[in-house]
Each structure stands twice: as structure tokens, then as C-alpha cells.
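>>> below: sequence and its predicted model.
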Amino acid sequence: MEWSRGSSVLDSESDLLACLHSSLDALDEKKSLIRECFIDLGLFPEDQRIPATILIDIWAELYGIDHIESIANLFELAFRSLADLVVTRKDNRDGDDYYSEHFVTQHDMLRELAIQQMCQDPIEHRERLKIDICGNILPTWWTEQKYQFIKGRLLSIFTDGEFSSEWHNLQLPELEVLILNFQTKNYALPEFVEKMYKLKALILTSDGSLPAELNNFQLVDSLPNLKRIRLERISIPSISRYPIQLKSLKKLSLFMCSIGQGFGNGSIHISEAFPNLVEMNIDYCNDLVELPAQLCDLIQLKKLSVTNSHKLSALPEEIGNLSNLELLRLRSCTNLSELPASIRNLKKLNFLDISDCFSIKELPEDIGEMCSLERLNMRQCSRLNELPSSVVDLEQLKEVTCDEETQILWEPFLPSLKNIHIKVVKEDINLNWLHKLHC
């Protein structure tokens, strides 16, 4: 009955609140960051699987921690029963910093506890602000412009399919992370975004069945400190028509987005829009047939990850121009038939992942020229029937992850590659990962 009125059970059940709060009380000063991470989980909708990759981006900017410490914090929360860490594919044990299959869930009561913690301070002094909008009904304090400034560092806004994108002004001069989740087919960024000069991470998620059209994306051009953008179920052509230049952007993540010709026919060249981009992730973008050659002009790029894009059939020959690339992940691009010969020019590449690329029949003949390659994941490359002789020149290669069939291909070269470790992984086939596509 309390929930049906929109209130929290914890507001009236003091014994229950004290019992749950004891888990937070057990976190001493050394574990204070774990407490903050727990409270952050309350910013997401009830019964939703929270992608670990989103939390990694948030915590990197809020707390200055890397992905390894972020994942360690999630394990700590799970160990203390403050959250559940779900890994949707059991073959994720390669230690290759791939966390797109990691999700966090939380019991409803624990989520209520997190929300209760973030709401203890007056609105204008809260570190975190969570706003749920039903239809066009905004909180009274917002419509009345009760607070001139709000000091929050993290803002989370969730709207439903009835929202008409009519925003009131909202001033958060200290905001560092903005999460916008919507269900409409067409969505306009709030005008107040362009005043968030300290914003470091922007996360835009559409919950519709099809990628949403996004308007006003040019507002982000005024954000001098924006370092990370994550777009989920967004039409890239709808945002590429706006001329932008984000010199501070370091990481761009696209999940289940519609790519189309978004990187080829935009009003500005991608290397001009993101001149200092270091990391780019493209996951489950099912209309991606060929990786645009423009991406190869991002010469500062160190990490390029294109995964689960099952229509991708070709990489541009210009990929060898990515002279600073250290990681290339092409996991589960099942229609990719070959790697360009220019891949030999990636002299700084130390990790190559072509696992579950079932259609690759051969590796480039000069792959041995990749003088910095240390790790190679080629599990489930079932059509690969031989290796080029130049693999003996991979002097830095320390670890190859493969299956039993692929292991046989390496045996003739092992006498020349004395420092190599062949890690054979037996597949644990399950379909649990499909669940995330409907979350």
C-alpha cells in the first residue's frame, strides 16, 4: 500500500531501515567508496540490469578510478550482498577487460535504501539528483523554479513515452555526469545541457524498440570538459548532421545504435569532430556492414572494439593508419571474412581479439610484422585451417586463447615461439546473454 502511494516502505518501517542500514554501517572509512558506488545504483530504474560499462564510465569521472577498480568494487558489493553481479556469458574468463557482458541487479529494498541515502540532503545540496517524469508532469520544485542553483554532480532523468520534450530550465553548474533515458521515437536534448560546462560523461539511452532520432545534439559542442559519451539505441545519422567539435572527448560508446551512413555523410569529418578520441566501442549495431574508412583517420585512437555486429563483413584497408592502436577487438562479428593486409602496420597493437569470427578463413600473410602483439584471442574461428608462416616472427606474443581445434594449428610453430602460452578454452554454450537484448 505504501508503494502504491509512491512512497518508500523505509519511510515508515524504521526497524527494516535499521536492519538494512547496518550493511552500510559496516563499511569503514577505507570502504567509503564502496558506499558511494552502492548509492549510485539507486539512480537507475527498478528491476533493470545496469550495464557495468555504464558504471565504469560514471565512476571514472566521479571518483577517478579505472575499469579494474570499478569491477573490483562491483565484486565487493556482490560479496556484501548489496547487489548482484550477473555475467551473461560464462566464457568471459579471459581477463581481457571486456565487460560488455557484465550487469548489476539489485533487490528492490536495497534500491530503496540507496534512494533513501541520496535524498537525505535538501535538493539544492544533493550530490545526486534522480528525476522520474510521467507524461509531462515535472516535480513541483522544478516547475516553480524553487532553486536557482543545484550543486549536484550526477543527474539522472527518466521519461516515459508520453513525454513531449518540453523542458524547464535547470541550472547545475557543478554537474559532471548526466544520464538521460527516454522512450519516445524523437527526442530533443534539454536546452540547459549547453550550460553544464563541467560535464564529463553523457549517457543517452532510448528504451524504444527502434533507434530513436536525436535532436539538438549540437548543444554538446559547448561542453569543454566532455570526455565520455555513451549512446544506446540512437540513430547516428540523426546526430551526425550537426557540426560539432569535441576536443576533450576521449571515449565514444555505441550500443544497439543505427549506424547507417552516419560516419560518412555527416556535416563534419569524424577526425575533426573527435580529434583526440582514444577509445571507441561499437556493440550490437546490426546495420553495420562495413566499417567506415573515416574511422581510420582517428590517429589518436588506442582502443577500437567492434563486437556482436553480425552484418559486418569488411574492415577498411586504411585500418593500418591507426598507428597508435593498442587494442583491436572484433569479437562475434560472425560475417567478417578477412582482416586487411594493412593490419601489419599496427606496430603498437598488443591485443587482437577475433574470437567467434566464424567466417575468417585465413590471417594476413604478414601478420608477423605486428611486432608488439602480446595477446591473441582466436577462440571459435572454426573456418581457419592454417596459419601464415610469419607467425614465427611474433616475438612478443605471450598468450593465445583458442579452442582445441585451433590449438592444433599452432603446434608446428611452438618450437620457434618458446615464450608462448596456449590457453585452450572449452565452450560453455548457453543463451543467457540473449536476455540483455530485451532489458
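That came through fine. Numbering: from 1, shown residues only.

>>> for the rest of this, base every contact and every neighbour count on C-alpha atoms.
Fine.

>>> ok, and for stretch 128-142, which residues are buried?
Counting neighbours by 16 or more other CA atoms under 10 Å, one finds that the buried residues in stretch 128-142 are 128, 129, 130, 132, 133, 138.

>>> now the third one. Nearest residue, chain neighbours left out?
Right, the one you point to is residue 130. The spatial neighbour of residue 130 that comes closest, neighbours along the chain excluded (CA to CA, 6 or more residues apart in numbering), is residue 156 at 4.8 Å.

>>> quick check, the one you found in a helix?
No: per DSSP: H, G, I helix; E, B strand; the rest coil, residue 156 lies outside any helix segment and is strand.

>>> got a pLDDT number for it?
Among the per-residue scores, residue 156 holds a pLDDT of 96.

>>> contact partners for it?
For residue 156, the residues meeting the contact criterion (CA atoms under 8 Å, 6 or more residues apart in numbering) are 43, 44, 128, 129, 130, 131, 178, 179, 180.

>>> wait, what's in contact with the second one?
With contacts taken as CA under 8 Å, 6+ apart, residue 44 has the following neighbours: 50, 156.

>>> how close does it sit to residue 384?
Residue 44 sits 43 Å away from residue 384, taking CA to CA, to the nearest Å as the criterion.

>>> check the last one too.
Using CA to CA, we find residue 180 at a distance of 43 Å from residue 384.

>>> so where is this protein shaky, pLDDT-wise?
Applying pLDDT under 70 to the chain flags the ranges 1-7, 10-12, 90-95, 264-267, 427-439.

>>> can you give me the helices for it?
Taking DSSP state H as the criterion, the chain carries its helices at 14-25, 32-40, 52-63, 67-79, 108-118, 140-143, 236-240, 270-273, 404-410.

>>> what residue lies at the spatial centre of the protein?
Central residue check for the chain by CA atoms, centre = their mean: the C-alpha nearest the mean position is that of residue 53, 4.0 Å away.

>>> so that one makes contact with residue 100?
Yes: with contact defined as CA atoms under 8 Å, residue 53 and residue 100 form a contacting pair (6.2 Å).

>>> one step back: want to throw the helices of the chain into TSV with distance to residue 166?
Rendered in TSV, the data for the helices of the chain read as follows (distance: least, CA to CA, whole Å):
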stretch	distance to residue 166
helix 14-25	37
helix 32-40	27
helix 52-63	27
helix 67-79	36
helix 108-118	26
helix 140-143	11
helix 236-240	20
helix 270-273	28
helix 404-410	57
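
>>> between these, which gets nearest to residue 230?
helix 52-63 (7.9 Å; CA to CA).

>>> so what secondary structure elements neighbour the closest one?
If you count contacts as 3 or more CA pairs under 8 Å, 6 or more residues apart in numbering; DSSP states H and E, helix 52-63 packs onto helix 67-79, strand 102-105, strand 177-182, strand 201-206.

>>> again, only using 7 Å
Using 3 or more CA pairs under 7 Å, 6 or more residues apart in numbering; DSSP states H and E as the contact criterion, the neighbours of helix 52-63 among helices and strands are helix 67-79, strand 102-105.

>>> which ones are touching residue 207?
When contacts are counted by CA atoms under 7 Å, 6 or more residues apart in numbering, residue 207 touches 182, 183.

>>> go with 6 Å
Each residue near residue 207 by CA atoms under 6 Å, 6 or more residues apart in numbering is listed here: residue 183.

>>> backbone dihedrals for it, please?
phi -100, psi 10 (degrees, to the nearest 10).
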